[in-house]
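*Asks:* coordinates only, sequence not included:
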């Protein structure tokens, strides 16, 4: 005959009863009661053990029922409003959280659609409390475009490594205002609006063991112009927003934006300000901003590319430049060379002129190694005669070009003089920055350089290796704006 399987409920009940019985034996309640009655002048009475074991059995049954029903081990969880309040406190801690931003392309259509040539946008927003800054990329190899907002609603953006713009709301182009509203993530303000002006409901079906999902909708008594709905996916343990979906009303149309947490880092306060993203010397356009700077800002923001303009002329050939002697060159198309070096100089910059001896040595050392070198005058006011005199005074042995419209400047991403750019035969910028570290700062010059950055970059390209340090800070003079 097969033995019956033991009943788990009976086993647990037996264990609990045995434990309670042992506890009752260790503490003799009857003896204690007898001592108290004796002190009060009463005759002790003997209680029957039946009551004691009946009580133990009742307690054991209650414990077993609680164990199998689950409520004994689960504390009461906070309601949606209490949970959001805790999340708000956590998001004001000194930690920077990075969210990947997803915006449907239809959000940028209609009358504010940017010009043709805009690449697909990838964006990340770093935020802490009510502070944030955004990093956009218009392609895997494109440099990032960084922008943010000030406390007064002003918009700031990085134009290049040394230049930025800070525009008040009234001077910000309308398409930029629209995009900025979509990407803005003021967590503290959002959670405050959710707490005070929205009806909160929880979606148990959308939740998991790791997250809770709270849906916030503005109440009729407190309408929010830019918020139609917010869905917060909150980490149960860490109390941080893992995923946030906001439906915003912009220009009368609903646009859904999703923020997904991808990283957490120690907070860096400088990154929430324009100055924290620029290198010395810094130049910030603000106040009455020139139209050309506004156009540059819009172009950088939307990643506008002028297809082929930098490499092809109207006839489809490589764009050409005439040097100061009248000879024609195609510096952006040197297929028989291992690399092309563009050296951006200014005739009236003392630091730039002080590098003439090293530039001549570099030309002598690397031209035999199939490296093409060009000196580029980016100042539109420098004439051919002035450039010719400057080359003669300093003895430059390589071709000298003028770039008044900044075609070469934009291709290389140069902003200073003396600045070097190394271009590979396929047109990629392998290195951009200083020639070496001879200048430790303005007015601070070493006896000899300790890092010869341009030479190191050229040696790497010749070997077929990647350049270890692709960009370096330049000590020198700003390049003038093109005309």
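*Replies:* Cool, got the structure. Because the structure is predicted, anything quoted here is derived from the model rather than measured.
*Asks:* all strands for the stretch 301-450 of the chain, in order.
*Replies:* Along the stretch 301-450 of the chain, counting by DSSP state E, counting those that start in this stretch, strands occupy 321-322, 328-329, 339-345, 371-377, 400-402, 416-417, 419-423, 429-433, 439-441, 444-445.
*Asks:* I meant the stretch 101-250 of the chain, not that one.
*Replies:* Counting by DSSP E, counting those that start in this stretch, the strands of the stretch 101-250 of the chain are 122-128, 131-137, 145-149, 155-158, 163-167, 198-202, 211-218, 229-235, 241-250.
*Asks:* Could I get those strands in TSV, plus columns for distance to residue 334?
*Replies:* In short, each C-beta sits where N, CA and C put it, glycine included. Listed next are the strands of the stretch 101-250 of the chain as TSV, based on distance: least, CB to CB, whole Å:
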stretch	distance to residue 334
strand 122-128	32
strand 131-137	28
strand 145-149	29
strand 155-158	31
strand 163-167	29
strand 198-202	61
strand 211-218	56
strand 229-235	53
strand 241-250	48
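*Asks:* Redo the strands of the stretch 301-450 of the chain as CSV? Include distance to residue 474.
*Replies:* Putting the strands of the stretch 301-450 of the chain into CSV (distance: least, CB to CB, whole Å) gives the following:
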stretch, distance to residue 474
strand 321-322, 23
strand 328-329, 24
strand 339-345, 9
strand 371-377, 14
strand 400-402, 19
strand 416-417, 4
strand 419-423, 5
strand 429-433, 6
strand 439-441, 9
strand 444-445, 14
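*Asks:* Make JSON lines from those strands and add mean neighbour count, mean pLDDT and distance to residue 409 to it.
*Replies:* Shown next, in JSON lines, are the strands of the stretch 301-450 of the chain (neighbours: other CB atoms under 10 Å; pLDDT from 0 to 100; distance: least, CB to CB, whole Å):
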{"stretch": "strand 321-322", "mean neighbour count": "16", "mean pLDDT": "90", "distance to residue 409": "12"}
{"stretch": "strand 328-329", "mean neighbour count": "12", "mean pLDDT": "90", "distance to residue 409": "16"}
{"stretch": "strand 339-345", "mean neighbour count": "25", "mean pLDDT": "96", "distance to residue 409": "7"}
{"stretch": "strand 371-377", "mean neighbour count": "23", "mean pLDDT": "95", "distance to residue 409": "8"}
{"stretch": "strand 400-402", "mean neighbour count": "20", "mean pLDDT": "95", "distance to residue 409": "11"}
{"stretch": "strand 416-417", "mean neighbour count": "26", "mean pLDDT": "93", "distance to residue 409": "10"}
{"stretch": "strand 419-423", "mean neighbour count": "25", "mean pLDDT": "95", "distance to residue 409": "9"}
{"stretch": "strand 429-433", "mean neighbour count": "21", "mean pLDDT": "94", "distance to residue 409": "11"}
{"stretch": "strand 439-441", "mean neighbour count": "13", "mean pLDDT": "89", "distance to residue 409": "21"}
{"stretch": "strand 444-445", "mean neighbour count": "10", "mean pLDDT": "90", "distance to residue 409": "26"}
